[in-house]
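A.B. asks: sequence first, predicted model second:
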Amino acid sequence: MNLQLETERLILRDFTLDDLEAWLAISSHPSYQTFYPKEECSPEFNAHLVEMFVEQAHQQPRTKFQLAIEGKESHQVLGTVAFRLEADEQASIGFGLAVDRQGRGLAIEAMSALLEYGIEQFSPHRVFAETRAGNKAAMAVCKRLGLQPVETAASEGAEQMEIIRLQWTRGEG
């Protein structure tokens, strides 16, 4: 089953192999790569990611939702959002947006829609996001979504944020 969610300005949909060129253009921008380890910035690594996202969309039962963010009017891939079921009734979220599309509220709009879908469909007890320390834009998006910083030892240089399901309500953020 293909997943497609719509917001006012965006279509969130499963990745296809046709998205590879657009994703490589987004992920190869030096400013986009700032908060990623060097080994995750190569075209080969990112091509593998797109292949993995396509495979995940066909897994049954589906536990990973890595969706392309597409502009409703432009039909261009602008970035990605993710909702992944984890152990112990948890879910993780993530997002990435083309550098030239940042600062317009698109990440919040896209992530709000996917977060709402994930919570309604799977009722996780806890939803969390991890980002590298210093990624103020990602931290701001997470806070607008209702996530709060928590102490963690997940990985060096990372900050973890969490949300308790009952504290998240539609329209927050």
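C.D. replies: Looks like it came in fine. As the structure is a computational prediction, the values presented were derived from the model and not from experiment.
A.B. asks: for this protein, longest strand please?
C.D. replies: strand 77-86 (DSSP state E).
A.B. asks: run a quick neighbour tally on residue 89.
C.D. replies: Look at residue 89: counted by other CB atoms under 10 Å, it has 12 neighbours. C-beta: built from backbone N, CA, C; applies to glycine.
A.B. asks: meant to ask about residue 25, not that
C.D. replies: Applying other CB under 10 Å, we find 13 other residues in the vicinity of residue 25.
A.B. asks: same thing with residue 82?
C.D. replies: With other CB under 10 Å as criterion, residue 82 counts 20.
A.B. asks: re the thing from before, quickly run through the sheet partners of the longest strand of the chain, with directions.
C.D. replies: strand 64-71 (antiparallel), strand 90-97 (antiparallel) (DSSP bridges).
A.B. asks: name the nearest residue to residue 47, ignoring sequence neighbours.
C.D. replies: Sequence neighbours aside, residue 20 is the residue nearest to residue 47 in space, at 6.0 Å (criterion: CB to CB, 6 or more residues apart in numbering).
A.B. asks: host element of that neighbour?
C.D. replies: In this structure, residue 20 is located in helix 20-27 according to DSSP states H and E.
A.B. asks: what comes into contact with that helix?
C.D. replies: The contact list for helix 20-27 (CB atoms under 8 Å, 6 or more residues apart in numbering) reads 15, 32-33, 41, 43, 46-47, 49-50, 68, 76-80, 96-99.
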